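Student: Just need the structure, nothing else, for what follows:
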Amino acid sequence: MIWTIPNILTVLRIALIPVFVGIFYLPHNLYALGIHPTHTLNVAAASVFALASLTDWLDGYWARKFNQTSSFGAFLDPVADKLMVAAALIVLVEFDRVGAIVSLIIIGREIVISALREWMANIGKRNSVAVAMIGKIKTALQMIAILLLLYFDPIGAFNTQLVGHVLIVIAAILTLVSMAYYLKAAWPAIKEGMGSSSHKK
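Tutor: The predicted structure follows:
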């Protein structure tokens, strides 16, 4: 592994995952200190998740600007993103802040599309399932929703719970739409692969 700035940021993002997850399992009996424990933990977890999300943007920007892309970074970056989202969604399900079905849709889609991209790369057709605009919009809404649901407390008149729930549902819908888009783009190769397999039998 080459320790470039983008790769260091990606590893840092992975290292931050157990931090924001672990925050929710800290003792909640902090009233003696004169602070609301749940709010404090919400702020801490949301802040760490926001920092991790920032490293996602920064490592991509740095890699492109200073030409520090690498095959290892190309492999590790999406893995880090998916681990971060999956970990956050599992925590949110456990604390009853997001529905299990929504989480299953999002996590399941990531597994399916990751496997599809790996297979397409193996047959030299990865560009057929390159990231599309609908995927970028889905990811943006998903990350904002998770951040709001981690924070969870109202900000003045701004209802983070309501907005977070609405955005995560929209993200789940876009998740299904984007999965259909990628599967449609890959269908000729999938069909060809199925035909080749049947001939071999």
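Student: how far does the longest helix anywhere in the chain sit from the chain's center?
Tutor: Determined from DSSP state H, the single longest helix within the chain is helix 160-200. Chain-centre distance of helix 160-200: 15 Å, with Cα atoms, centre = their mean, to the nearest Å.
Student: which helices and strands does that helix pack with?
Tutor: helix 100-122, helix 133-151 (3 or more Cβ pairs under 8 Å, 6 or more residues apart in numbering; DSSP states H and E). No exception for glycine: its C-beta is placed from N, CA and C like everyone else's.
Student: of all these, which lies closest to Arg64?
Tutor: helix 133-151 (15.1 Å; Cβ to Cβ).
Student: Now do the closest one: which elements does it pack against?
Tutor: Using 3+ Cβ pairs under 8 Å, 6+ apart: helix 133-151 touches helix 37-65, helix 71-94, helix 160-200.
Student: Low-confidence bits of this structure, can you list those?
Tutor: Along the chain, segments meeting pLDDT under 70 span 1, 27-37, 126-130, 195-201.
Student: And the residue sitting nearest the centre point of it, how far from His39?
Tutor: Of all residues in the chain, the one closest to the mean position by Cα atoms, centre = their mean is Val85, 3.4 Å from it. Separation of Val85 from His39 (Cβ to Cβ, to the nearest Å): 24 Å.
Student: now Lys65: how far from Pro6?
Tutor: 10 Å.
Student: So for these two, which sits in the more crowded spot?
Tutor: The neighbour count for Lys65 versus Pro6, taken as other Cβ atoms under 10 Å, is higher for Pro6 (27 against 9).
Student: what distance separates the start and the end of stretch 152-160?
Tutor: 6 Å (Cα to Cα, to the nearest Å).
Student: burial measure for Thr51, as a count.
Tutor: Check again: residue 51 is Leu, not Thr. 14.
Student: In contact with it, which residues?
Tutor: Residues counted as contacts of Leu51 (Cβ atoms under 8 Å, 6 or more residues apart in numbering) are Leu16.
Student: cool, and Met143?
Tutor: Ser53, Val85.
Student: ditto for the one 10 residues further on
Tutor: Counting by Cβ under 8 Å, 6+ apart, Asp153 touches His39, Asn42, Val43, Thr160.
Student: pretty sure the second one contacts Tyr151?
Tutor: To tie it back to what came earlier, the one meant is Asn42. Yes - taking contacts as Cβ atoms under 8 Å, Asn42 lies within contact range of Tyr151: 5.4 Å.
Student: residue contacts, the closest residue to Val169 other than its chain neighbours?
Tutor: Among residues not flanking Val169 along the chain, Val102 sits closest, at 6.4 Å (Cβ to Cβ, 6 or more residues apart in numbering). By Cβ under 8 Å, 6+ apart, Val102 lies in contact with Ile168, Val169, Ala172.
Student: what about 10 Å?
Tutor: Leu89, Leu92, Val93, Ala145, His165, Ile168, Val169, Ala171, Ala172, Ile173, Thr175 (Cβ atoms under 10 Å, 6 or more residues apart in numbering).
Student: Nearest to Arg109 among the residues you listed?
Tutor: Using Cβ to Cβ, the contacts of Val102 come closest to Arg109 at Thr175, 4.7 Å.
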